[in-house]
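J.: need a structure here:
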Amino acid sequence: MQITLKLFANLSDYLPPGSRDNRIDLEAGEHESVADIIQRYALPERMVHLVLLNGVYLSPGERPARQLRAGDQLAVWPPIAGG
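T.: Residues are numbered from 1 along each chain as shown. Here you go, the predicted structure:
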């Protein structure tokens, strides 16, 4: 099944070369979870701060259990500081 992964700020460096902007459409397995995709792209745990699935926040504890469905959009942001 196909899903969309969007990585923001410096996390976009973890996308494969040739990716469009900060996103990639990818194939996910039938039983893959949000946490599986984060691991597949080797995103450092300390850099995975805000995770939205179809615009809904997922806490770190929810990510391993939340299985993906065709058409899902997964967005990940690192911690952001500013002033």
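
J.: what ranges do the strands span in the chain?
T.: Secondary structure of the chain (DSSP state E): strands located at 2-7, 23-27, 50-53, 56-57, 73-77.

J.: Throw the ones you listed into CSV and include mean pLDDT, thanks.
T.: Output for the strands of the chain, formatted as CSV (pLDDT from 0 to 100):
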stretch, mean pLDDT
strand 2-7, 97
strand 23-27, 94
strand 50-53, 98
strand 56-57, 98
strand 73-77, 98
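
J.: Distance to Ile38 and mean neighbour count added to those, as JSON lines?
T.: (C-beta placed from N, C-alpha, C; glycine too.) As requested, the strands of the chain are arranged in JSON lines below (distance: least, C-beta to C-beta, whole Å; neighbours: other C-beta atoms under 10 Å):
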{"stretch": "strand 2-7", "distance to Ile38": "9", "mean neighbour count": "18"}
{"stretch": "strand 23-27", "distance to Ile38": "13", "mean neighbour count": "14"}
{"stretch": "strand 50-53", "distance to Ile38": "8", "mean neighbour count": "17"}
{"stretch": "strand 56-57", "distance to Ile38": "15", "mean neighbour count": "9"}
{"stretch": "strand 73-77", "distance to Ile38": "7", "mean neighbour count": "19"}
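
J.: could you dump the ones you listed to a markdown table with distance to Pro44?
T.: Conversion of the strands of the chain to a markdown table gives the following (distance: least, C-beta to C-beta, whole Å):
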| stretch | distance to Pro44 |
| --- | --- |
| strand 2-7 | 12 |
| strand 23-27 | 18 |
| strand 50-53 | 14 |
| strand 56-57 | 20 |
| strand 73-77 | 11 |
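
J.: tilt between the worst-scoring helix or strand of the chain on mean pLDDT and strand 2-7?
T.: One helix or strand of the chain scores below all others by mean pLDDT, DSSP states H and E: strand 23-27, with a mean of 94. Comparing the axes of strand 23-27 and strand 2-7 via axes from the mean of the first three to the mean of the last three C-alpha atoms, to 10 degrees yields an angle of 150 degrees.
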